[in-house]
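Participant: Okay, here's the prediction I keep looking at, along with the sequence it came from:
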Amino acid sequence: MRKILITGLTSYIGNNLKRFLENYPTKYSIEIISLRDDSWKQIDFSDFDVLVHVAAIAHIKETKANQGIYYRINRDLAYEVAYKAKREGVKQLVFLSSMSVYGIESGVISENTPESPKSNYGKSKLQAEELIQTLKSEDFGVAVIRPPMVYGKDCKGNYQRLAKLALTIPLFPDVKNMRSMIYIDNLCEFIRLLIDECSNGVFFPQNEEYVCTSEMVRLISEAHGKKIRLTKLFNPLFTILKINVVNKVFGNLIYEKHLSKHPLEYNLYPIKESIRKTEVN
């Protein structure tokens, strides 16, 4: 049985991963802990085979006043936890990073795309990656995951805003864009496979299908038995309005698909079923 320690007691990904792995009670023993105080330092990490570090600061508005906390939590604390794990004999670290390390809001990310984060979140995640990678050895594997936007039931962030729109407005722009996203259970299955294989390296999981924002809004509405009309009426405005919010919603931002290939299937749910499970179950 593989013993797994997850950091981030209130983490969306961490708690969903725990729930997901508990479907395999004979394969995994899972514990999830908080890093909000120093009590974690008293835990004996030698009891665990794998550390999955998901605890982080995210989904808060960045200001000059709070920029320091990103580096204290997302970088310094991540390294401190990873160092303790290696010192106490943990065999593998799975570190949740982010697509934000590339610092782009539109375009195609390939293996040649340089990391150039713009936000404190992205910068702190990349710096944590670099520090943690220095710990890698034959006895301590490091798997870094850079997921795109994660969505699922009770998730935070842009998905929830779009879902509210889908259920309150009669019209939505019909824009043919492509976004890399990943449904939470698909991400959990990917992490499970990395653990099973003791994988090392940097990974880019995503749904098998790119997501079109307009189509996603239509599917959300449909899951609730409602009908939203997609219209191209507003499309000319989007070519004029070069503002961040338009780009984030209707721009293209994708990983090249070959970056996300894995020998085993981890996309358990296609986009339509994942939206239904997010909205209805």
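Facilitator: Nice, thanks for sending it over.
Participant: next structured bit after the one helix or strand V150 maps to?
Facilitator: Secondary structure from DSSP states H and E places V150 in strand 149-151. Where DSSP H and E defines the elements, the next helix or strand beyond strand 149-151 is helix 158-168.
Participant: From the rest of the structure, what touches stretch 201-212?
Facilitator: 109, 129, 143-148, 175-183, 186-187, 190, 194, 254-255, 257, 259-260, 262, 266-267, 270-271, 274 (CB atoms under 8 Å, 6 or more residues apart in numbering). Where you see a C-beta, it was placed from the backbone N, CA and C, and this is true even at glycine.
Participant: how far does that stretch stretch from start to finish?
Facilitator: 29 Å (CA to CA, to the nearest Å).
Participant: Leaving out sequence neighbours, find the closest residue to Y28.
Facilitator: L21 (4.7 Å; CB to CB, 6 or more residues apart in numbering).
Participant: thinking again about what came up before, show me the contacts of stretch 201-212 that map onto helices.
Facilitator: Counted as lying in helices by DSSP state H, out of the contacts of stretch 201-212, are 129, 186-187, 190, 194, 271, 274.
Participant: Lowest average confidence across helices and strands of the chain, where is it?
Facilitator: helix 235-240 (a mean of 68; mean pLDDT, DSSP states H and E).
Participant: so what's the residue nearest to Y28 up against?
Facilitator: 4, 27-28, 30, 188, 192.
Participant: what do you get if the cut-off is 7 Å, keeping everything else the same?
Facilitator: L21 makes contact with 4, 28, 30, 192 under the criterion CB atoms under 7 Å, 6 or more residues apart in numbering.
Participant: I'd like these as CSV, with secondary structure appended.
Facilitator: Below are the contacts of L21 laid out as CSV (DSSP: H, G, I helix; E, B strand; the rest coil):
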residue, secondary structure
I4, strand
Y28, strand
I30, strand
R192, helix
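Participant: Now the two most distant members of these.
Facilitator: Across the contacts of L21, the longest distance by CB to CB is 10.9 Å; it joins I30 and R192.
Participant: List the residues that contact the residue most central in space within the chain.
Facilitator: For the chain, the residue nearest the mean C-alpha position is P147 (4.2 Å; CA atoms, centre = their mean). Contact partners of P147, counting by CB under 7 Å, 6+ apart, are 98-99, 182, 187, 205.
Participant: Can you tell me which of the residues you listed has the largest number of neighbours?
Facilitator: I182 (28 neighbours; other CB atoms under 10 Å).
Participant: And that residue, what's its pLDDT?
Facilitator: With respect to pLDDT, I182 scores 98.
Participant: This completes my enquiry, with thanks.
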